[in-house]
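Chemist: based on what follows, work out the 3D shape:
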Amino acid sequence: MRRIFGFVSAAAVFLLLGLTLPAAVYGKPLLQIQLPGTNTPSPEPRQMGFATNTPAGPSATPSQTPTASFTPTATFTPSNTPTDTPTATDTPSPTPTPIGPFSYPEGISPLTGLPYPDEDAMNRRSLIVKISNYPPVVRPQSSVNLADVVYEYEVEGGVTRFAAIYRNNAPTHVGSIRSARLFDLELIQMYNALFAYSGTSEPIQKLIMSSDFVYQTFSPLKGDNCEEAGFCRFPKDGLAFEHTLFLDTNGVWALATRRNVNTPLRARGFAFNATPDANGQTANDIFIDWYGQTSARWQYDTASARYLRYTDDVPHFDINDGQQLWADNLIVIEVPHNERPDLFPPGASYMSHEIALWDQGRAYLFRDGQFYQGYWLRKDKEPGSALQIIYGNNVPIMMKPGRTWVSVVRWFGDVVVSQTKPDMAATATTIALSATPTLTITPGPSPTPAPDL
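Modeler: Coordinates of the predicted model:
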């Protein structure tokens, strides 16, 4: 797989709204554009400046710093002057209630911008579940398409995993479940969420056990088992033990209720509108490469008005519903990755990745076959302060109401956006014939699982 890199001068340091962008957002091209009818990127990748060339968004009156004035509220303009002949102006029409990024109508999920499907969904807490994506034998995973939001990020060496957030749906078979990483601790706080994982390293487990959200976390490593928490093993001949753990989300929510932590808190950050912003550019194919170890390709499907996923050039399916993985919104964010050997004993040959998802960085948003360039913003580390996607003037980029996939990358040089779609059917057929055997899950009784370290 070809990797595409671009560089701009490290001397270009700009200020955005009085905030200094993190160092990692400088010195890289914002976008590799692949032209129609060609197989190579354009020789001059498009770049986003951080001053005059910053995408301004739809607002004609941008604010200079994020303040409480950005919180949209419903407004009314009634006429209080009586008239002899009533007219239409006597009946005020309220401005449509905004959906995010800071306030949401009653009964609307801030994860999807859509009504909760039932009272159970409204009254339970968001649940983050760690799901494996490597090696290929773990694919197809189960019930990924039932998540409201999925974060995909690198755990090490170009290998990615999923952190899937559930609330609207309560699947009984999610997985396979894998271990926690530093980045998950940020997501727990951002989304005020419960967290289910198989195990983790000793330093990360110590951070979890000493945190304010310790009772919001669930794992066989903490003694949570199949009968009481829904962590169950489904062994299969030839399948390594660490790939056999699956979760019934109802078990975790029931245990959270017994612990008095199943509080229906909501996170803020996403902003939704069924009508796309007017300044979008065509984006039918998005290719993301993690060091040539894992790749993801998303293609816009006009029939379903969704983005469909391919992993390593093969259609990526969900074994629960038999459908290709899909999303209404695809967000790609560029975030600094740091090494944290300090978490381990001196001389240890391993370390943790720290994905610094705080402050601000560059972002793309893809929806309805179009893409928008802007920034991601996490204003603070307060619980419930989640990811925002904004233009350079702090105006939210409007997302499509529905499901969202967030891909976290080190730099945008490994992201290629194209107006045209490569024909994946022929290559996928060839690859599928020689691919690793498909993992088949047969639900049934399970012993209490052992920790996955």
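Chemist: alpha carbons only for contacts and neighbour counts from here, please
Modeler: Noted.
Chemist: buried stuff in stretch 108-125?
Modeler: 108-116, 121-122, 124-125 (16 or more other Cα atoms under 10 Å).
Chemist: what of stretch 293-300?
Modeler: 294-300.
Chemist: show me what contacts the closest residue to Val409 other than its chain neighbours?
Modeler: Of all residues not flanking Val409 in the chain, Glu334 sits nearest, at 5.1 Å (Cα to Cα, 6 or more residues apart in numbering). Contact analysis of Glu334 by Cα atoms under 8 Å, 6 or more residues apart in numbering lists 25, 361-363, 408-412.
Chemist: which of those residues are buried?
Modeler: 25, 361-363, 408-412.
Chemist: so which residues of the stretch 301-450 of the chain form helices?
Modeler: With DSSP state H, counting those that start in this stretch as the criterion, the stretch 301-450 of the chain has helices at 424-433.
Chemist: low pLDDT regions in it?
Modeler: For the stretch 301-450 of the chain, the stretches flagged by pLDDT under 70 are 348-351, 426-450.
Chemist: which residues of it fall in strands?
Modeler: In the stretch 301-450 of the chain, strands defined by DSSP state E, counting those that start in this stretch lie at 306-311, 314-315, 326-327, 329-334, 337-340, 352-355, 359-367, 370-378, 388-390, 404-409, 415-418, listed in chain order.
Chemist: so who does the residue lying closest to Arg362 once chain neighbours are set aside touch?
Modeler: Counting by Cα to Cα, 6+ apart, Tyr375 is the residue found nearest to Arg362 once chain neighbours are left out, at 4.2 Å. Applying Cα under 8 Å, 6+ apart, we find Tyr375 in contact with 333, 360-364, 389-392.
Chemist: try 10 Å
Modeler: 21, 54-55, 332-334, 360-365, 388-394, 396-397 (Cα atoms under 10 Å, 6 or more residues apart in numbering).
Chemist: what do you get for Arg181?
Modeler: With contacts defined as Cα under 10 Å, 6+ apart, Arg181 is in contact with 130, 154-155, 161, 197, 199-201, 204-205, 352-355.
Chemist: of those, closest to Leu255?
Modeler: Tyr197 (14.5 Å; Cα to Cα).
Chemist: compute the number of surrounding residues for the closest one.
Modeler: 27 (other Cα atoms under 10 Å).
Chemist: do the same with Val406
Modeler: 21.
Chemist: would you agree it is in contact with Trp326?
Modeler: No. With contacts counted by Cα atoms under 10 Å, Val406 stays clear of Trp326, the gap being 12.0 Å.
Chemist: before we move on, back to that, distance check, the residue nearest to Arg362 against Gly392.
Modeler: 7 Å (Cα to Cα, to the nearest Å).
Chemist: go on, Asp321?
Modeler: Asp321 is 39 Å from Gly392, by Cα to Cα.
Chemist: same check, this time on Thr294
Modeler: Taking Cα to Cα, one finds Thr294 at 31 Å from Gly392.
Chemist: go on, Leu343?
Modeler: The value you get for Leu343 to Gly392, if Cα to Cα is used, is 36 Å.
Chemist: between these two, which one's more packed in?
Modeler: Neighbour tally, Leu343 and Gly392, criterion other Cα under 10 Å: the higher count belongs to Gly392, 25 against 15.
Chemist: that one touches Gln373, doesn't it?
Modeler: Yes. With contacts counted by Cα under 10 Å, Gly392 reaches Gln373, the gap being 9.1 Å.
Chemist: ok but Asp289 is inside a helix, no?
Modeler: No. Under DSSP: H, G, I helix; E, B strand; the rest coil, Asp289 sits outside any helix and is assigned strand.
Chemist: quickly list what it is bridged to.
Modeler: Ser295 (DSSP bridges).
Chemist: tell me which of the strands of the stretch 301-450 of the chain lies nearest to Asp148.
Modeler: It is, among the strands of the stretch 301-450 of the chain and with distance given as Cα to Cα, strand 404-409, at 6.7 Å.
Chemist: return that closest one as CSV; C-alpha atoms alone will do.
Modeler: The C-alpha coordinates for strand 404-409 follow below in CSV (Å, rounded to 0.1, in the frame of the first residue of the first chain):
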residue,chain,number,x,y,z
THR,A,404,-20.6,8.3,13.3
TRP,A,405,-17.2,6.6,12.9
VAL,A,406,-14.1,8.5,14.1
SER,A,407,-10.7,7.5,12.8
VAL,A,408,-7.7,8.7,14.8
VAL,A,409,-4.4,9.2,12.8
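Chemist: could you name the helices and strands sitting against that strand?
Modeler: strand 149-156, strand 159-166, strand 285-290, strand 326-327, strand 329-334, strand 359-367 (3 or more Cα pairs under 10 Å, 6 or more residues apart in numbering; DSSP states H and E).
Chemist: give me the sheet partners of it and which way each runs.
Modeler: Counting by DSSP bridges, strand 404-409 is paired with strand 149-156 (parallel), strand 329-334 (parallel).
Chemist: CA atoms of the last one as PDB?
Modeler: What that stands for is strand 329-334. The C-alpha trace of strand 329-334 is given here as PDB (Å, rounded to 0.1, in the frame of the first residue of the first chain):
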ATOM      1  CA  ASN A 329     -20.600  10.300   9.200                       C
ATOM      2  CA  LEU A 330     -16.900   9.600   8.900                       C
ATOM      3  CA  ILE A 331     -14.600  11.900  10.900                       C
ATOM      4  CA  VAL A 332     -10.800  11.700  10.600                       C
ATOM      5  CA  ILE A 333      -8.800  13.600  13.200                       C
ATOM      6  CA  GLU A 334      -5.100  14.200  13.400                       C
END
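Chemist: so how far is it from its chain's centroid?
Modeler: 7 Å (Cα atoms, centre = their mean, to the nearest Å).
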